[in-house]
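In: Provided below for reference: sequence and predicted model.
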Amino acid sequence: MLEVKDLHVSVEGNEILKGLSLTINAGEVHAIMGPNGSGKSTLSAVIAGREEYEVTSGSITYDGQDVLEMSVEERACAGLLLGFQYPVEIPGVKNIYLLKAALNAKREAQGLGEIPAPEFMKLIKEKAALMQMDASFLQRSVNEGFSGGEKKRNEILQMLVLEPRLAMLDEIDSGLDIDAMKVVSDGVNSLRSEERAILLVTHYQRLLDYIVPDRVHVLVDGRIAMSGDADLARELESRGYDWVLEESVA
Amino acid sequence: MATEEMEQLVRREYKEGFVTDIESETLPPGLDEDVIAFISNKKGEPEWMLEWRLKAYRAWLKMTPPSWAHLDFPPIDYQAISYFSAPKRPEDRPQSLDEVDPKLLETYEKLGIPLHERAALAGVAVDAVFDSVSVTTTFKEKLAEAGVIFCSISEAVQEYPELVKQYLGTVVPQTDNYFTALNSAVFTDGSFVFVPKGVTCPMELSTYFRINAENTGQFERTLIICEEGAQVSYLEGCTAPMRDENQLHAAVVELVALDDAYIKYSTVQNWYPGDEDGKGGIYNFVTKRGDCRGDRSRISWTQVETGSAITWKYPSCVLRGKDSIGEFYSVAVTGGRQQADTGTKMIHIGEGSRSSIISKGISSGRSNQSYRGLVKIGPRAKGARNFTECDSLLIGDQCGAHTFPYQEIGNSTATVEHEATTSKIGDDQLFYCQSRGISEEDAVSMIVNGFCKDVFQELPMEFAVEAEALLRVTLEGSVG
């Protein structure tokens, strides 16, 4: 589904990703782990199209399409969706309005008309219930005054409504207490399907107890230093990232 | 997003750029007592009205234009302006829409204002001011049934001289400022509304102003009176065709609310702002003032301003009555080289009077915007309260927003609060929306509309929809 080849990315002249390659197939859950500053968040941001990141060489293809040639919104409408580590507040814009605009943008890209209001309300109520968010959330301004946990649940709610083909979740576990972690993980797990892939970016192994990945990649200094299955994450937990560094150098 | 792209996004072509070639009977440029006599005669005015005009003119000659505003423009040559322009056949005015010049109707169609449809669907009576003469008035009968008078000011001078004489110039004196003196001397049309005691006007009243003859100044005069316990909601909306010459607009609006009366005055203004270098736009020097003359009276100004090269405008309330209420809700959007100096004055005289001010300014391109607000609380206004909130939103890094709040508190029992914020549309907000599949234009429009929400919710329903659409058009690229 997604193929990243020898990707080099710079921010303000500093190279962050230094030849990263990664293949993600439909139905798979991949976890990108690594120490702070290793470029974990950069990868998902570049795939989503964040402007400050300059791709100096390499390629990203999605179902045969050159992702780097697509605008941010085209990527989203094509099914590449990023869940933010720090969701942004938009005062005065109702959560439900953003959701509807996003869903209709996607439908338009697919050649469908706007979703009928009753259908939309039904869909959104059902998904909000899944995330244990009451109806008042939908009427509040996007992320404004939300707690850390509420923001993250809201990100997953957007995923549930927009049904991406590749859901990228950037440190979705940061700032979550154990109850919120459970709700968020349940939401993510409900996204798992044969047609969909999930890319988790996380610093801690804890999240992977709830969302068990098929593949784990350890990112060190802009490259994937080691890949494995879910056991690798547990090994990292006990041995730390330095071990990977030593192994990969050796 | 890079600044240039931001600018690209907010740069736009004026969409209402077209000229209707209805033949005008227009005076040559210039202003003297003969011109004023000509206007007065054309309007078939009584002698006292002419005297009133001449008195204003003579005062105006001794006055100088104000220079305190945060605006920059070349001096205006008042002798280069033509002071009268009317559709060719003023004597046989159409009595119904069927008789209206199809070209005019076409103009309204282009503006997206299908008059008949709108009037019928929305229950709005429209007193269309086309150039300086009212061409058509609808729903008069229904209003007459309720005892509401809604007509052009010229008609009112002839039909209801006593009312006009009683109220005209009592809120905004002729010599209030340079532009009111000029307006008092040469005003050619505008609306007159009178809602008698205890009557709630059965429909929203709406006037579409339109400046149409080249190089013709517009001097509208609007007078709205609500007697005891009466209520009215008045909508004013403006667009203008594309022009090379700067056009001066110096209107005067006077509102009078007696005991327990409520006047809600809403404006959506979309005048030609000039090209990207600021050439050719409209100069808008307007004096709007409401007089809460009666106890528990209430006047509410709501405005959405996107047009004009230069805006100089401070809709104000004089809170004379006990427990009277003044409100000002404003959204102003400037782009290109537009300049706006706008705000309000709340003059608290009556005991327990209250006022609230919510002002939202959005600047983009190389535009400059100032909020100028005066809250004055007199010695007898015991327990008076004011709340002011002014927020500025900047798009790009070449525009400016300035706030000039003035407070004069004359007694110790008053409560005055002021809050101000300035923010920028963040790349983060845009990226967040776009990464949800929403286009850049839609995202900007969504963020700006969110910023303006507090004001938009004060607008009458159909106006709120128009305002959102207008903001959208204003902020989008030159598409369409």
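Out: Structure's in. What do you need? Numbering: from 1, shown residues only, chains lettered A, B, ... in the order given.
In: when you work out contacts or count neighbours from here on, use the C-alpha atoms and nothing else.
Out: Will do.
In: neighbours of residue A:132, how many?
Out: 16 (other C-alpha atoms under 10 Å in any protein chain shown).
In: what's the answer for the one 10 residues further on, then?
Out: Counted with other C-alpha under 10 Å, residues neighbouring residue A:142 total 25.
In: could you do the one 4 residues further on as well?
Out: Taking other C-alpha under 10 Å as the neighbour definition, residue A:146 ends up with a count of 16.
In: do residue B:163 as well
Out: Count around residue B:163 with other C-alpha under 10 Å applied: 13.
In: that's a helix at it, yeah?
Out: Yes. Going by DSSP: H, G, I helix; E, B strand; the rest coil, the assignment for residue B:163 places it inside a helix.
In: just the buried positions in the helix or strand hosting residue B:49, please.
Out: Residue B:49 is part of helix B:47-61 when elements are defined by DSSP states H and E. By 16 or more other C-alpha atoms under 10 Å in any protein chain shown, the buried positions in helix B:47-61 come out as B:49-50, B:53-57, B:60.
In: show me what it is packed against.
Out: helix B:33-42, helix B:178-186 (3 or more C-alpha pairs under 8 Å, 6 or more residues apart in numbering or on different chains; DSSP states H and E).
In: got the angle for the longest one vs helix B:178-186?
Out: What it means is helix B:33-42. 60 degrees (axes from the mean of the first three to the mean of the last three C-alpha atoms, to 10 degrees).
In: now helix B:33-42 and helix B:47-61, what's the angle there?
Out: 150 degrees.
In: do the same with the last one
Out: Between the direction of helix B:178-186 and that of helix B:47-61, the angle (the same axes, to 10 degrees) works out to 150 degrees.
In: still on that earlier bit, reformat the helices and strands packed on helix B:47-61 as a markdown table; add distance to residue A:84, mean pLDDT and mean neighbour count.
Out: Shown next, in a markdown table, are the helices and strands packed on helix B:47-61 (distance: least, C-alpha to C-alpha, whole Å; pLDDT from 0 to 100; neighbours: other C-alpha atoms under 10 Å in any protein chain shown):
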| stretch | distance to residue A:84 | mean pLDDT | mean neighbour count |
| --- | --- | --- | --- |
| helix B:33-42 | 66 | 91 | 17 |
| helix B:178-186 | 54 | 95 | 26 |
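In: so for residue A:156, which of those sits nearest?
Out: helix B:178-186 (57.8 Å; C-alpha to C-alpha).
In: what are the contacting residues of the closest one?
Out: B:36, B:39, B:52-57, B:59-60, B:63-66, B:83, B:172-175, B:219-221, B:250-252, B:285-287 (C-alpha atoms under 8 Å, 6 or more residues apart in numbering or on different chains).
In: mind saving the C-alpha coords of the helix holding residue B:49 as PDB?
Out: C-alpha atoms of helix B:47-61 as PDB (Å, rounded to 0.1, in the frame of the first residue of the first chain):
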ATOM      1  CA  GLU B  47     -38.900  75.900   2.000                       C
ATOM      2  CA  TRP B  48     -37.800  74.900   5.600                       C
ATOM      3  CA  MET B  49     -35.900  72.000   4.200                       C
ATOM      4  CA  LEU B  50     -33.900  74.100   1.800                       C
ATOM      5  CA  GLU B  51     -33.100  76.500   4.700                       C
ATOM      6  CA  TRP B  52     -32.000  73.600   6.800                       C
ATOM      7  CA  ARG B  53     -29.700  72.500   4.000                       C
ATOM      8  CA  LEU B  54     -28.300  75.900   3.400                       C
ATOM      9  CA  LYS B  55     -27.600  76.400   7.100                       C
ATOM     10  CA  ALA B  56     -25.500  73.200   7.000                       C
ATOM     11  CA  TYR B  57     -23.700  74.200   3.900                       C
ATOM     12  CA  ARG B  58     -22.700  77.600   5.300                       C
ATOM     13  CA  ALA B  59     -21.400  75.900   8.400                       C
ATOM     14  CA  TRP B  60     -19.500  73.300   6.300                       C
ATOM     15  CA  LEU B  61     -17.700  76.000   4.400                       C
END
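In: got a list of contacts for it?
Out: Helix B:47-61 has contacts (C-alpha under 8 Å, 6+ apart) with B:33, B:36-37, B:40, B:174-175, B:178, B:181-182, B:184-186.
In: swap in 7 Å and give it another go.
Out: Here helix B:47-61 makes contact (C-alpha atoms under 7 Å, 6 or more residues apart in numbering or on different chains) with B:33, B:37, B:40, B:174-175, B:178, B:181-182, B:184-186.
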